[in-house]
Every structure is written in structure tokens, then in C-alpha cells.
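J.: fold the following for me, if possible:
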Amino acid sequence: MSLDRSLRVAAKTSGKRSVMTRAERVAKMVADKKFDLKSGKALGIPKTLLPKA
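T.: Sure, this is the predicted structure:
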């Protein structure tokens, strides 16, 4: 059984991510000293774009 054309195209266009995951954002903000793990709030962490390679 073959795949529908729309499904094949969607799989190829996934591309790269443009925003970091929450764990990646927290790690970067801790490294940049913009977030304190002990007193930092869990909600409202700003989105951080991935660096362009």
C-alpha cells in the first residue's frame, strides 16, 4: 500500500527547529546568568531562538 502524496511531502518539509525546548532555554539562561534555578519562576520563560549554523 502506498502513501498519499500529501503525507510524503509533509515528512520532507519538517525542516529545522526555530525555538529551543524548555530544558535548552533554562540551561542557556543559567549559563548567561539570566535565570536563577532556586528563585526563578516556572512560568513565563521567554522564547529563545536557536543560533543559525
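J.: low-confidence ranges in this protein?
T.: 8-15, 53 (pLDDT under 70).
J.: for it, what's the longest helix?
T.: helix 22-31 (DSSP state H).
J.: can you pull the buried residues of it?
T.: Buried residues in helix 22-31, counted by 16 or more other Cβ atoms under 10 Å: R25, V26, M29. All C-beta atoms are positioned from the backbone trio N, CA, C, and that covers glycine.
J.: enumerate every residue touching the first one.
T.: Right, the one you point to is R25. I45, P46, K47, T48 (Cβ atoms under 8 Å, 6 or more residues apart in numbering).
J.: name the member of those with the most neighbours.
T.: T48 (17 neighbours; other Cβ atoms under 10 Å).
J.: quick one: the helices in the chain?
T.: So, for the chain - with DSSP H - the helices run 5-12, 22-31.
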